[in-house]
Every structure is written in structure tokens, then in C-alpha cells.
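Chemist: Need coordinates for the following:
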Amino acid sequence: MTLFFYLILAQGQGLDIKQDTSLVQTFEVVKYRAKKIIYDIEKSIIILKDSSIITYQDIRLTSDSAYYYIESNILEAFGTCDLRQSQDSIKGDYLRYNIESRKAMMSHGITQIDKGFLDGKEIYWIDENTVNAYSGKYTTCSDTPPHYYFYSPKMKVYLGDMVIARPIVLFIHGIPVMAAPFWFVPISSKRKSGLLPFKIGNSRDFGKYIRGLAYYIVISDYADITLQLDAMEKKGVMPRVEGVWDFSPFSKGSIYGSYIRETDSKRERFTIQARNNSTYFLFGSSFNCDIKYLSDNTYQREYADTTPLWLEQEIISQATLSRSIKGYKNSFSYERIEKFVDTTTSTVTEKLPFYTISGPSKMLFSLINYSLAGHVNRRRTSDSLGTNDVTGANVQTAPSMQQNIFNLLTVSPRMNLDLAVFDEDTAGNSMPMRFGYSFETTASTNLYRVFSIRMFGISGILHKISPGVTYSYTPDFDFGGFPKVSGISGFNKTNRLSFGLGQVFEAKIGEKQVKKTLAKFHINSSYNLLTDSLSTINSVLEFPYNPFPNPITNFATQVRGSVNPYDTEYNYSVTNVAALKTDFFSISLNQSYAKDGQYQIWFTGKIKPTRNWSMTYSGRYDWDEKRLIDYSFGLNRNMHCWEAVFNFTQLGEIWRYDFKIRIKEIPDVEIGKGLLGYFLE
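Modeler: Sure thing, here's the model as predicted:
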């Protein structure tokens, strides 16, 4: 049965419907039905008994029985109650709901919130974004009873954001395992500003600590920032900040910084890192940078959480601003290279500025291809002995041409012309200039032959031979008095013939006759006309084709060799890459063997013996030392709504391990070795 309650409401207020026909549009419609309906006109109550259903706008309430108080707009439901509003629902055994304010109270209720479930003795639906629960339990486990839950006498749930509880107790299989005076659990599947879960623990290096105490700020749909604080008993307080943005193609990048003044050593340590990529920057330019500054090269290694890091011997920062003007590309660059001699001493080399201009390719007499380019570079070197500045500029061009002779031989001559000026030479002369040039020409061809071979799934083999000869010449310029500047050629005296011979074997394989490269071979050497001597003969032989069926998914071999033509002293190395993959096991091997007996094996893979267990591993084995140089392995155990993770990594003499049990739907909530160490100390 469906009725319109405005009739009853009009009678209750003593209204005469015949006198105002527009009154019908002023009331919202409440629809209801049940097996038995009782109307109490005097009290303005509708009583629904046995399988009642009430709908109002986006609200749907089902229950065993219900009372609807018309004048106060209150719904009361008894028995098995199920209230649904838009995408939200709440179930319990008693409900009181205000239609106007949309506030509700459910006793012994349960409601689904994003990825989890909230069960409480009393649940209050405050507004569309807030739920209060008393004697509440929150879990993401869908089993009954759940494998785990967080219990708190008072919980406040901000829908799409987080659950805040005080105090809180973690139950696993009904057993309390951990408690805290307060806690918050993120439940949002979207980016929202707010606090992030932190880690507490105890370690040998830091003592008792709180790490990752952070506040996440969503600036816009394209940018956010995280403010973070680490407090360590033995080291002190370390503030950190990290920002990420993506306004592509105008700007995409990140920035990170941290600082600490250690309480034990009194040292001030910091790192600043920034990256940006802008295809469309100011006035039609592009801007890219990768900046990194460290107080010392052990800073990041010592404060790494779970993975040991190599000491950084070289730290590079660079930034480039580019724009094309009438076909000429202009680039302003900054580069800083810091090489650490030890943990406290370093050498810094800077290019400030480094300007480059390169023009479009043009044709001269429809035969010669050329373009103009130039550089301006100021290089500064700083070390413990002092600072040295060198500045230079040049204009260069490299005209070239290519001629095909009888469709058999391709000849490609090329020159390099360079005019340079420096701030001063090594003798102290101001603004010295010099002009240099070099020349080279290459003659090459390609020869083909097809072999009609049909076996082992092969339908023909193509053999391609590519011989080439290059002559290089540079006069004996006396440029020893000019400083070395990046971008400006040095022009060392050269008179050389270089030889090269490449061969490729291709085949059509299988029913679809897919072209595959079976083998590649290249050999090269050169003859120095100045010293009347041959250089080392180098060769590379590659077999990139995998002839094996599954489960061998990759198999390739490369052989590199060199031989001295005078004393026949030779060297060689063999590298093999192989991979095997099945449903429960995979491994990838990279083997390298050199003539001197140095044999090393790199490997990585995964083992999945059961549906819930998996193991990953990787490492490098040195055959001479008969030991693993660096390696890592991890165990993962799937436990329905939980997962257990164990990782072990060794790098040189440094090793670290990590163990944690975490909720799969809320990976920030975990029990790890740091937390266990805090309580077990």
C-alpha cells in the first residue's frame, strides 16, 4: 500500500484542502507499505507492522515494524533494521531517524565505511560526513567473526577520511594484542589533507623513536605537500618536507628537504633535492632540473629505514633552460658535480653558466649539409687548495655530405671547424684566440645474401655484411697553452685509418614467418699513420634469439673480445642472460665471465609454493671470493585481510632486515620490528 502523508498532516493541522489546492505541492512524499498499517489520526502516527518499508527521497528503511511520527518527522524502527541513504547503509536492531535533520541513532548497528566495517553498541549518524560510535569495532575484514578489529569505547568517523578513537585496542582473533591512548586509522580512498600514521620503535642507532609523524596537505588536484617530523632519542629531531606537483606540460616535479642537528655528534646535516620538467615554461621555453645537495655522503645511508645504500661518491646537480628563436635553439645550463674524496673532503666542479646555441640544418649547393653551433662556458673548480675559474667560448660548424657511388658504395666526408676564445691562457695572456679543424671521411656499403634453408622452423636466412673504412686527420695544433673547457674541442694530432666489419643473420621463423635476428658480429680496429702501428682488434658476437620454448622466456649470449696484433695478447668476456618462468617459480640469471677468471652471477626471481606464500630473491655471487656480495630476499604471507612481510638486504658489510604485519586495505597500519623493539626492550 502507498499513501501520501500530506492528507493526514493537513487534517492534523486543521487545514481545509478544498480552500487551497496549491498545498499539495508544498509537501514531500513519504511512501510506505507493510502487511498491516494502523493510522492514529489524533496522535498523527502511522504504525507499520510486519515487513515495513519506508522510502523518502533517497532514503529507504526496512524493518520488522516501524512508527512514523508525522508532526515531528521522526521514524522509529524495530527488529531487523536496514537504513540506506544514497551510497551509505546502516543495520541494527533499533533505529531513530529525523527526516528533516537526517540524523540517526542505531543500536547494535553495523555500517560499511569505504573499505571497512564499523560495528557499535550505539551508532549516531551526525551528518552526511560524520558518524559517532560507542563501544565500537572497526575492521576491513569481511569474515564473520572478523580476523581482527580495532575496539574503542568512543570513535568518531569522518567518512572518506579517517577513524579517530580514544583509547584503542587491537584485537586479533578476539585476543587483545596492543593498546594506545588514542589512534587514527586512514580510510580514505581519495587524496585528502590530514594526519598520516607514524611509526614508533626502538633501534640500536636511534634509540626509542617516532618516525613519520606527518601532516599531508592537498593543495589542489595537481599538487600536495607533506610536513614530517622524526624524533629520535639518540639523534634528536629531524624535520622533513616533501612536495609533489603535476601541471603537465607546464611543470611536473618534486622537492624534498630534511635537516638535523645531531644531539650526540653536534653535527648539522641536511639534504635538498628538487626535480622539475617543463615542456612549456616562460615565454615558450622549456625548463628541466635535477638538483641535489648533501651535507655529507653518508647522511642518507645512515638514516635509511629498511634498505642499505651505497655511499654516494659523486653527486650531480643540473638545470637547463631552453628556447628556440627563429630555428636556433638556445640553452642555459647549470651543472654542479661534487666528488667525495672521503666523508668530509670533496671537490666541486661547476659550470656556471653553460650557454649553447645550435642552428638548424642547412644545405649548401644542394650538396653540403651544415649547421652552426656555439658554446660559452665558465667552469669553476673548488677543493681544499682553493678555487680555479676558466672561461671560454667558441663557434663551430661541421659540414658534411653523402654520396652514393654506383649504388654500391656510400662515401661520407665531414669536417669540424672551430674558432674559440678564452678569458686567459695558461701563461696569463688575456683573451687569447685559436682556430682548429679536423677532417674525416667514411666509405661503407651493405652486401646481402639469402640462404634457402628450411629446418627447425626456419624458412630462409638473410646474411647482411656491412664493411666500412674511416680516415681521420687532425693537424698538429699547438693548443697546449689553452685551458680545457667543456664544449670546446681540444684538437689532438690525428692521422688514422679505422676499419669495421659488421654481419647480421636474420631468419623467418614459425608458421607466421616472423623475422628474428639469430646472430650479430662486429669487428673493428685502426691503423695509426703517425706511429705506424695497429690498435687493438675488438670484436662483439651476439646471439639475441631465444631458441627454447616456454618456460624458458629469455636466452641471449654476448661474447666480447680483444687482441693485440703484435704480441697476440688477448682478452675476452662472456655474458649470458637467461630467464625461466612458471606458475610457481621464476628466475632470471645474468652471468659474466672474463679471461682473468672473474666470474659473477646476478640473479633475481620469485617462488610461490602455495596460494598464500611467496618469496622474492635477488643477489650477486662472486665466484673468486666464493660468496654473495650483495643479496636480498623477502617472504610474504597472505592472511586474508592481513599480510606478513619479511625482508632482508645485505650490501657489502651492511645488512638490514624488516619484519611487519600489516592490513592489506590499510598498509599504513602495521606491526613491525621497530614497534616490537620498543615494547620488548
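
Chemist: low-confidence ranges in the protein?
Modeler: When residues are selected by pLDDT under 70, those of the chain lie in 1-28, 86-87, 114, 160, 185-192, 197, 305-311, 343-344, 667-681.

Chemist: mind giving me the domain split of it?
Modeler: Using automatic domain parsing, the domain ranges for the chain come out as 1-102, 400-535.

Chemist: Kindly reformat these as JSON lines and extend each row with mean neighbour count and distance to Tyr158.
Modeler: The C-beta positions use only the backbone N, C-alpha and C, and glycine is treated the same way. Conversion of the domains of the chain to JSON lines gives the following (neighbours: other Cβ atoms under 10 Å; distance: least, Cβ to Cβ, whole Å):
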{"stretch": "domain 1-102", "mean neighbour count": "16", "distance to Tyr158": "13"}
{"stretch": "domain 400-535", "mean neighbour count": "14", "distance to Tyr158": "56"}
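
Chemist: Secondary structure element holding the spatially closest residue to Lys121 that is not a sequence neighbour?
Modeler: Using Cβ to Cβ, 6 or more residues apart in numbering and skipping the chain neighbours, the partner closest in space to Lys121 is Ser135 (3.8 Å). Using DSSP states H and E, Ser135 sits in strand 130-139.

Chemist: Output the following helix or strand past that strand as PDB, restricted to C-alpha atoms.
Modeler: Beyond strand 130-139 in the direction of the C-terminus, DSSP H and E gives the next helix or strand as strand 148-158. Presented in PDB, the C-alpha positions along strand 148-158 are these (Å, rounded to 0.1, in the frame of the first residue of the first chain):
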ATOM      1  CA  TYR A 148      40.900  -8.600  13.600                       C
ATOM      2  CA  TYR A 149      39.300  -5.300  14.700                       C
ATOM      3  CA  PHE A 150      40.100  -2.100  16.500                       C
ATOM      4  CA  TYR A 151      37.900  -1.600  19.600                       C
ATOM      5  CA  SER A 152      37.300   1.800  21.300                       C
ATOM      6  CA  PRO A 153      34.600   3.000  23.700                       C
ATOM      7  CA  LYS A 154      34.500   6.200  21.600                       C
ATOM      8  CA  MET A 155      35.000   6.500  17.900                       C
ATOM      9  CA  LYS A 156      34.500   9.400  15.500                       C
ATOM     10  CA  VAL A 157      34.400   8.500  11.800                       C
ATOM     11  CA  TYR A 158      35.000  11.200   9.200                       C
END
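
Chemist: ok so, going back, out of the domains of the chain, the one nearest Tyr617 is which?
Modeler: Closest approach to Tyr617 among these is made by domain 400-535 (31.3 Å; Cβ to Cβ).

Chemist: who's in contact with Thr410?
Modeler: Neighbour list for Thr410: 402-404, 443-445 [criterion: Cβ atoms under 8 Å, 6 or more residues apart in numbering].

Chemist: For it, give the beta-bridge partners.
Modeler: Asn404, Ser444 (DSSP bridges).

Chemist: Now do it against Asn446, distance only.
Modeler: 9 Å (Cβ to Cβ, to the nearest Å).

Chemist: What helices and strands are in contact with the helix or strand harbouring Asn377?
Modeler: Using DSSP H and E, Asn377 sits within strand 372-383. Contacts defined by 3 or more Cβ pairs under 8 Å, 6 or more residues apart in numbering; DSSP states H and E place strand 372-383 against strand 346-358, strand 386-397.

Chemist: Just want the angle from the strand holding Ser135 to strand 148-158.
Modeler: If you take axes from the mean of the first three to the mean of the last three Cα atoms, to 10 degrees, strand 130-139 sits at 170 degrees to strand 148-158.

Chemist: now, among the contacts of Thr410, which is nearest to Asn571?
Modeler: Ser444 (27.5 Å).

Chemist: Pretty sure that closest one sits against Pro467.
Modeler: Yes: counting by Cβ atoms under 8 Å, Ser444 does reach Pro467; the two are 6.9 Å apart.

Chemist: Pairing partners for Thr347 in the sheet, please.
Modeler: With DSSP bridges applied, Thr347 shows beta-bridge pairing to Lys339.

Chemist: Contact partners for it?
Modeler: 338-339, 341, 381-383.

Chemist: would JSON lines of those residues with distance to Ala644 and neighbour count be doable?
Modeler: JSON lines is the format used below for the contacts of Thr347 (distance: Cβ to Cβ, whole Å; neighbours: other Cβ atoms under 10 Å):
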{"residue": "Glu338", "distance to Ala644": "42", "neighbour count": "20"}
{"residue": "Lys339", "distance to Ala644": "43", "neighbour count": "15"}
{"residue": "Val341", "distance to Ala644": "44", "neighbour count": "11"}
{"residue": "Thr381", "distance to Ala644": "52", "neighbour count": "15"}
{"residue": "Ser382", "distance to Ala644": "51", "neighbour count": "15"}
{"residue": "Asp383", "distance to Ala644": "51", "neighbour count": "14"}
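
Chemist: Pull up the gap between the closest residue to Ala180 other than its chain neighbours and Ala179, please.
Modeler: Excluding the flanking residues, the one nearest Ala180 by Cβ to Cβ, 6+ apart is Ile168, at 5.4 Å. Here Ile168 is placed at a distance of 7 Å from Ala179 (Cβ to Cβ).

Chemist: try Ala393
Modeler: 71 Å.

Chemist: of the two, who's got more company?
Modeler: Ala393 (18 against 11; other Cβ atoms under 10 Å).

Chemist: ok, what's across the strand from that one?
Modeler: Note on Ala393: beta-bridge partners by DSSP bridges are Val376, Val421.

Chemist: May I have the residues that are in contact with it?
Modeler: Residues near Ala393 by Cβ under 8 Å, 6+ apart: 374-377, 420-422, 488.

Chemist: of all these, which two lie farthest apart?
Modeler: Gly374 and Phe422 (14.2 Å).

Chemist: now for the contacts of Thr347, which pair is the farthest apart?
Modeler: Top of the distance list for the contacts of Thr347 (Cβ to Cβ): Val341 and Thr381, 13.6 Å.

Chemist: Helices along the protein, start to end?
Modeler: Listed in chain order, the helices of the chain (DSSP state H) span 6-12, 299-303, 673-680.

Chemist: packing partners for the second one?
Modeler: If contacts are counted by 3+ Cβ pairs under 8 Å, 6+ apart, helix 299-303 sits against strand 268-278.

Chemist: okay, now Lys115: neighbour count?
Modeler: Neighbours of Lys115 using other Cβ under 10 Å come to 15.

Chemist: so it touches Cys141, yeah?
Modeler: No: applying Cβ under 8 Å, one finds Lys115 not in contact with Cys141, separated by 10.5 Å.

Chemist: who's in contact with the closest residue to Gly236 other than its chain neighbours?
Modeler: Once flanking residues are discounted, Gly236 sits nearest to Thr263: 4.2 Å by Cβ to Cβ, 6+ apart. By Cβ under 8 Å, 6+ apart, the contact set of Thr263 is 234-236.
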